[in-house]
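Asks: Generate coordinates for the sequence data below:
(2 chains)
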Amino acid sequence: MADQIKNKTGFLATLQENPSTDEFIKGLWRDNPVFVQVLGMCPVLAVTNSAVNALAMGGATFFVLMASSLLVSMVRKWVPKAVRISTFIVIIATFVTVADMLLAAWVPDVHKELGAFISLIVVNCLILGRQEAFASRNPIKPALMDAAGMGLGFTFALFLLGASREVLGNGTFFGIDLFGPQFEPWVVMILPPGGFLMLGMILLFFNWMQAKKQARRAAAEGVA
Amino acid sequence: MDSNLLWIFVSAALVNNFTLSMFLGLCPFFGVSARLDTAFRLGLANIFVLIITSLAASALNAWVLPYAPYLRLISFILVIASTVQFVEMVIKRFSPALFKALGIFLPLITTNCAILGLALFQTSREYGVIEGVAFAAGAGVGLTLALVLMAGLREEAELSTIPGIVRGTAMNLIIAGLLSLGFMGFAGLFGQAA
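Replies: Numbers count the residues shown, from 1 in each chain, chains lettered A, B, ... in the order given. Down below sits the predicted model:
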């Protein structure tokens, strides 16, 4: 037990002083795949009509991203340049098949609702993009850190979008009624246009925050 | 039978438009919709790849996949990648001018989720060969329509005065949301069937 705790603090300590922490943090916030890089839009908009669906999709993507980054980083020295994209795609497709079968076995209801979009993780440009830009050029540890950050950042964005659309469009959160019977649901939010509009508004909010921050900095410099 | 084919075509093109109501193929939708003419050409290339993929998926479903269902995803993606490669080679050989005009967008069709999505939906709806082609043609026309509409709106928006924080992705998403709202109107086109 004491050994375990020691190991854990050791792990945390390396997390804090290791440069690979940066690989982790950047995906989570600064280079968030959805809000900043705007990658992998299809699943982002298609399955975020409820918080549960969003989490299942985020989890599946996280798993595929971690597993393929690990494998790609392991075999990176033996893959010829000319066929690297095909190799990555086959690796990704294999893990997506695994994720598809796991979800069908564990949560058949959610699997049914997500339908073809689980299989479509294969063509999520976020995953292929990380393999090409990061995992195939870095050793295992930073590659895993990068994948974890990007995967969690993606899940976080999906959850934020799914939760806000479910609350506005259905008046529920994880299926629990929030407002009582007098609530008139804003149905368009859980329909396709709501996905575009909601993500647009979230991006607007981020742009606004950014603009305000810059204005404040400029004002502070002006005073000084 | 004929009206059934027509229904599949119209449904894929308008009512269940691939881009605006099923969220397939959003990357080129936002990435390549800045100019009207490139958007249109990319749409045409997509129609072509969609139809070939549909034929290939029908063949795979009939002869290969009954024996190895777990290979579905991997075989589809390999077929799509090689089809795109093949189309690229053919266009390069017979029409270098068009090849030059399409540039990078041609290979990028591989990672367009609309193509894989088409193969998967066609399988899950158990379409035959001819129905599959109608579905693919409808999906392609719908994709092209969405791309061209979006490109036209964006070209207009570039010339108008818009606050700085709205410009860019946020504005494109909101335009897409409004377009999608408009396309929802098509759901009433065929009464209950939609």
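Asks: Tell me where chain B has helices.
Replies: For chain B, applying DSSP state H gives helices covering B:2-10, B:26-31, B:36-63, B:72-94, B:96-102, B:105-108, B:113-124, B:129-159, B:169-184.
Asks: Equivalent analysis for chain A, please.
Replies: A:2-17, A:20-25, A:41-46, A:51-75, A:84-106, A:108-114, A:116-119, A:125-133, A:140-170, A:192-223.
Asks: where does chain B dip in pLDDT?
Replies: Across chain B, the ranges flagged by pLDDT under 70 are B:1-2, B:101-105, B:188-194.
Asks: residues from it in reach of chain A?
Replies: Residues of chain B found near chain A (Cβ under 8 Å from any Cβ of the partner chain) are B:20-27, B:30, B:70, B:73-74, B:77-78, B:81, B:111-113, B:115-117, B:120-121, B:124, B:164-166, B:168-174, B:176-178, B:180-181, B:184. For glycine as for every other residue, the C-beta is placed from the backbone atoms N, C-alpha and C.
Asks: circling back to that earlier point, just say which of the helices of chain A is most tucked in.
Replies: helix A:41-46 (a mean of 26; mean count of other Cβ atoms under 10 Å in any protein chain shown).
Asks: distance between that helix and the chain's centre?
Replies: With Cα atoms, centre = their mean, to the nearest Å as the basis, helix A:41-46 stands 11 Å off its chain's centre.
Asks: And stretch A:138-156, by the same measure?
Replies: Offset of stretch A:138-156 from its chain centre (Cα atoms, centre = their mean): 10 Å.
Asks: Quick check: mean pLDDT of that stretch?
Replies: The average pLDDT within stretch A:138-156 is 90.
Asks: just to revisit the earlier point, now the helices of chain B in CSV, please, with extra columns for mean neighbour count and distance to A:Val44.
Replies: Shown next, in CSV, are those (neighbours: other Cβ atoms under 10 Å in any protein chain shown; distance: least, Cβ to Cβ, whole Å):
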stretch, mean neighbour count, distance to A:Val44
helix B:2-10, 14, 28
helix B:26-31, 21, 8
helix B:36-63, 19, 21
helix B:72-94, 17, 20
helix B:96-102, 14, 27
helix B:105-108, 18, 19
helix B:113-124, 24, 12
helix B:129-159, 20, 17
helix B:169-184, 20, 11
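Asks: Nearest to A:Glu184, out of those helices?
Replies: When those are ranked by proximity to A:Glu184, the top entry is helix B:169-184, at 18.6 Å, counting by Cβ to Cβ.
Asks: same for the closest one, what does it pack against?
Replies: Using 3 or more Cβ pairs under 8 Å, 6 or more residues apart in numbering or on different chains; DSSP states H and E, the elements in contact with helix B:169-184 are helix A:192-223, helix B:26-31, helix B:129-159.
Asks: among these, which is nearest B:Ala13?
Replies: Among the helices and strands packed on helix B:169-184, helix B:129-159 comes nearest to B:Ala13, with 4.0 Å by Cβ to Cβ.
Asks: between the helices of chain B, which one is nearest to A:Leu120?
Replies: Per Cβ to Cβ, nearest to A:Leu120 of the helices of chain B: helix B:113-124, 5.1 Å.
Asks: where are the low-confidence patches of chain A?
Replies: Residue ranges of chain A with pLDDT under 70: A:1-20, A:223-224.
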